[in-house]
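Enquirer: Provided below for reference: sequence and predicted model.
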Amino acid sequence: MVKKRSKRKSKPIISGYLEKISARIFDDFSSIVTDMIKGHQGIYALYKTNKLYYVGLATELKARIKYHLKDKHQGKWSRFSLYIIRKSDHIKEMESLVLCIAYPVGNAVKGKLKSSENLLPKLKSKIKIEQNRQIADIIGKGKMAVNKKKRRSIKRTAPQKRPLYNIFPKGKVIYANYKGDRYKAWVCGNGRIKYNGQYYDSPSAIGADVRGGKSTNGWSFWKYKDKGGKLVKISDLRK
């Protein structure tokens, strides 16, 4: 008889926590707190009564929380919570996530998820597609047929006339930063550029789309990674 393998449980990210503890504990039982969390890293939260005031991270939780009893946050909080993080790899990202959600009044800097993709442009694009589909359903199939006929009559640019034709024979990802968000597009070997499921013939056309229809110099707007991994403006390809 074949024994079933028991599922291996993954270790929790948070290995221990304390919640809504009075700051008075540092007066009467400081050594106990030290013994429990000494050497531990994690996220902590400060509260004024039950209202969240401040969120931070620390490699030495006890020392950091106690320090706030005499720094600029003195008198602005009365209770704290702490969460011991088993590994330090994601502490900063977890702190940013909490700041994005909670907006504590005591934090001057708000959370930023720099390494994550902002899905808002994709959401807007998909909503537009769905709205157009609904409009077409309401107006009727006759109108849809006219629109399809118009689309077929549009001539595509010949590959040789596309600005990025044969620049990246194996294809290449290009990047752009606009209003704090990062955008990506894919340059095909034939010079066409794919962005959000649509194809464009020039980098300026996509740049204008990203910027809400504003005229854009795509050569300075978009960048690619060179062999060393450095982001370089695609205008350098013209040199």
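Expert: Everything's here; your move. Everything quoted here is computed from the prediction, not taken from an experiment.
Enquirer: Would you mind measuring from the spatially most central residue of the chain to Pro159?
Expert: Centrality entry for the chain: nearest residue to the mean C-alpha point is Ser116, 2.6 Å, by CA atoms, centre = their mean. Ser116 is 35 Å from Pro159, where distance means CB to CB, to the nearest Å. All C-beta spots, glycine's among them, are computed from the backbone N, C-alpha and C.
Enquirer: Secondary structure of the residue nearest to the centre of the chain: a helix, I assume?
Expert: No - residue assignment for Ser116, taken from DSSP: H, G, I helix; E, B strand; the rest coil, gives coil, which places it outside any helix.
Enquirer: ok, so what distance separates it from Ser96?
Expert: Taking CB to CB as the measure, Ser116 falls 9 Å from Ser96.
Enquirer: For this protein, which element, helix or strand, carries the lowest mean pLDDT?
Expert: Ranked by mean pLDDT, DSSP states H and E, the helix or strand of the chain with the weakest confidence is helix 141-153, at a mean of 45.
Enquirer: SS state for Glu19?
Expert: Looking at Glu19 with three-state DSSP, the answer is strand.
Enquirer: Please identify which helix or strand holds the closest residue to it other than its chain neighbours.
Expert: Spatial nearest neighbour of Glu19, excluding adjacent residues (CB to CB, 6 or more residues apart in numbering): Ser81 at 4.3 Å. Assigned by DSSP states H and E, Ser81 falls within strand 79-85.
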